[in-house]
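In: generate coordinates for the sequence data below:
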Amino acid sequence: MLLQFILSGAVVGFIVGATGVGGGSLMTPLLTLLLGVPPQVAVGTDLLFAAITKSAGVRSYARSGIVPWAIPLRMAAGSVPASLATLFAIHQWHPDAAAYSTQYAAVVQPALGIALLLTAGALAFRVQIQSLGLRAAAPPLAAATAGPGRAVLDTLPGADSGRALATVAVGALIGVLVTITSVGAGAIGTVALFFLYPAVPARQLIAADLAHAVPLTLIAGLGHAALGTVNGTMLLGLLLGSLPAIRFGAGVSSRLPEHALRWTLVAMLLLLGLRLLWI
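Out: Next comes the predicted model:
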């Protein structure tokens, strides 16, 4: 089984490196649908896998000084309490081991299907969503930061309380979704930020979403580990396969057709989402 996990990590890692998205969106359905991993184990293991792999990206962005830290802090204000509340609810509901897998699958399968469809829509209509955010912004938005990557609350575009509360609310929704399905901290979070902060450069929003995803997936993953739903062998195999594949994918990404890759990923997510909803 270790070889299967290494190969799975390599496939997903290459897609992540080449496109910048697709980690949780592909890993959990791949583990559950193709490898027959119980849903609760796939979700728990994928959350810790995401926390480890995404942390390297955050370090790189932080060294570059482009993370607008006010945005991930706002998101975390909603996502961390929401994740902890979701973990508490799962812990309180936790039935005996035999029934847990079946009952958890009945919850996570449709939730994961919906999350994949939302991710596909976010990827497909990213540009239109950002344009809608620009049209909705009033008055016209100012410069994104006070200096390169050094955004603060009172210098962010649209630093009004309404946008701040919306960011916290988006964080809370993602916190619940990620804790249940391991999906949502990537494409959905980024596109939501594109709408809320359309004048902030895309690279900074991607960095903000990644910075938010690391503590969220770590907290949710550790919560699942406390429930006994993390497979150490699987986690090791996924990391062994994915880490070199992410580097390779990133290295060849400039030579790949980005538009075709994105729409291929959208189609895959749509098919997986529909399969999970009508399995």
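In: contacts and neighbour counts: CA atoms only from here.
Out: OK.
In: distance-wise, check the residue nearest to Val214 when sequence neighbours are not counted relative to Leu123.
Out: Of all residues not flanking Val214 in the chain, Ala51 sits nearest, at 4.9 Å (C-alpha to C-alpha, 6 or more residues apart in numbering). To Leu123, Ala51 is 22 Å away according to C-alpha to C-alpha, to the nearest Å.
In: ditto for Ala111
Out: Counting by C-alpha to C-alpha - Ala111 and Leu123 are separated by 18 Å.
In: pick out whichever of these two has more residues nearby.
Out: Leu123 (21 against 18; other C-alpha atoms under 10 Å).
In: by contact count, what packs against the strand or helix carrying that one?
Out: Secondary structure assignment for Leu123, by DSSP states H and E: helix 97-124. Based on contacts counted as 3 or more C-alpha pairs under 8 Å, 6 or more residues apart in numbering; DSSP states H and E, the elements that helix 97-124 packs against are helix 39-64, helix 161-181, helix 187-196, helix 258-277.
In: show the pLDDT at Pro38.
Out: Looking at Pro38, its pLDDT is 87.
In: quick one, phi psi at it?
Out: Torsion angles at Pro38 (phi, psi; degrees, to the nearest 10) stand at phi -50, psi 140.
In: return the distance of stretch 199-213 from the chain's centre.
Out: 12 Å (C-alpha atoms, centre = their mean, to the nearest Å).
In: which of the residues in that stretch are buried?
Out: 199-200, 202, 204-213 (16 or more other C-alpha atoms under 10 Å).
In: give the rounded mean pLDDT of that stretch.
Out: Rounded mean pLDDT across stretch 199-213 is 88.
In: again with stretch 6-22
Out: 80.
In: please save the CA atoms from it in CSV.
Out: C-alpha atoms of stretch 6-22 as CSV (Å, rounded to 0.1, in the frame of the first residue of the first chain):
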residue,chain,number,x,y,z
ILE,A,6,3.6,7.4,-3.0
LEU,A,7,2.3,7.3,-6.5
SER,A,8,-0.9,9.1,-5.4
GLY,A,9,1.2,11.8,-3.8
ALA,A,10,3.3,12.1,-6.9
VAL,A,11,0.3,12.6,-9.2
VAL,A,12,-1.4,15.1,-7.0
GLY,A,13,1.9,16.9,-6.2
PHE,A,14,2.7,17.3,-9.9
ILE,A,15,-0.8,18.9,-10.5
VAL,A,16,-0.3,21.2,-7.5
GLY,A,17,3.1,22.2,-8.7
ALA,A,18,2.0,22.8,-12.3
THR,A,19,-1.3,24.6,-11.6
GLY,A,20,-1.1,25.9,-8.0
VAL,A,21,-4.3,24.2,-7.1
GLY,A,22,-5.9,20.8,-6.7
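In: name the residues that touch that stretch?
Out: Identification of contacts with stretch 6-22 by C-alpha atoms under 8 Å, 6 or more residues apart in numbering yields 23, 26-27, 30, 186-187, 237-253, 256, 258, 261-262, 265.
In: so the closest residue to Thr45 other than its chain neighbours is in which element?
Out: Residue nearest to Thr45 in three dimensions, not counting chain neighbours: Val230, with 4.6 Å by C-alpha to C-alpha, 6+ apart. In the assignment (DSSP H and E), Val230 maps to no helix and no strand.
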